[in-house]
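K.L.:
quick one, fold the following:
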Amino acid sequence: MRRSPRAEWPRPRKSARSEKLRPEALYVSPKRRALQTVEPAASRLHLEPTVDEGLREIGYGAWEGRKEVEIREHEPDAYWAWVRDPALHPPPGGEGGFAIAARAMSALERLHASHTQGVVLVVSHKATIRVMICALLGLHIGRFRDRVACPTASLTTFEFGERGAMLVRIGDTTHLH
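P.N.:
Coordinates of the predicted model:
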């Protein structure tokens, strides 16, 4: 599903925050736009990104590529059910919040098990990131669309310790123009 088109994506500044973090590994969604996003950091850091299917964007099913206004107009019952609780009411043939959480949190657990110390950079998508934030913070997954902001090309940072995940930064865009 598409919202409104953007004329241009934000571009990272030359001194990207990823360099300051010094990640030991990069993981990325298989979507082309995610691979393009991670490319400059991978080049500067001399790291090869690892594609992880668990980080992919929400599957919109029958709504893929359609405008939200069109779906709201032509499929109001399904649309409003999804708006009210996207965890329980996925787009027709698509993924709900719980399905996203299951695959994305599995990916995070694998990454955490592989990198118990150090910094790992994960590049994913708005819905997937918001679902992961809800899951890590213990928020209701069905509120990912209306409780968590995730601007395009923003950074969200968690530190993992003995008691779980600690949110350090959310939706940070200070590295952009």
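
K.L.:
give me the nearest residue to the residue sitting nearest the centre point of the chain, chain neighbours excluded.
P.N.:
Closest residue to the average C-alpha location of the chain: I129 at 2.7 Å, with Cα atoms, centre = their mean. Computed as Cβ to Cβ, 6 or more residues apart in numbering, the closest residue to I129 that is not its neighbour in sequence is C150, at 5.1 Å. For every residue, glycine as well, the C-beta is placed using N, CA and C.

K.L.:
what about that neighbour, neighbour count?
P.N.:
19 (other Cβ atoms under 10 Å).

K.L.:
where's the residue nearest to the centre of the chain, which helix or strand?
P.N.:
In this structure, I129 sits in helix 126-137 according to DSSP states H and E.

K.L.:
the helix or strand just after that helix: how far from the chain's middle?
P.N.:
Per DSSP H and E, the first helix or strand lying C-terminal to helix 126-137 is helix 144-147. Relative to its chain's centre, helix 144-147 lies at 13 Å (Cα atoms, centre = their mean, to the nearest Å).

K.L.:
how about stretch 111-129?
P.N.:
10 Å.

K.L.:
how about the helices in the chain?
P.N.:
Applying DSSP state H to the chain gives helices spanning 17-21, 32-45, 68-74, 76-84, 97-114, 126-137, 144-147.

K.L.:
could I get the buried residue list for the fifth one?
P.N.:
Applying a neighbour-count criterion of 16 or more other Cβ atoms under 10 Å, the buried positions in helix 97-114 are G97, A99, I100, A101, A102, R103, A104, A107, L108, L111.

K.L.:
can you tell me which of these is closest to Y27?
P.N.:
L111 (5.8 Å; Cβ to Cβ).

K.L.:
now P90: how far from A127?
P.N.:
11 Å (Cβ to Cβ, to the nearest Å).

K.L.:
pLDDT score for the residue in the chain sticking out farthest from the centre?
P.N.:
Centroid-distance maximum for the chain: H74 at 27.8 Å, with Cα atoms, centre = their mean. H74 is assigned 97 on the pLDDT scale.

K.L.:
start the count at 3 instead of 1 going forward.
P.N.:
I'll keep to 3 as the first residue from here, and by that count the last item is H76.

K.L.:
which ones are touching it?
P.N.:
By Cβ atoms under 8 Å, 6 or more residues apart in numbering, H76 lies in contact with nothing.

K.L.:
one more: L49?
P.N.:
With Cβ under 8 Å, 6+ apart, L49 has these contacts: P25, E26, A27, L28, A43.

K.L.:
got it, and F160?
P.N.:
Taking Cβ under 8 Å, 6+ apart, one finds L138, A167, M168, L169, V170 in contact with F160.

K.L.:
fine by me, we can end here.
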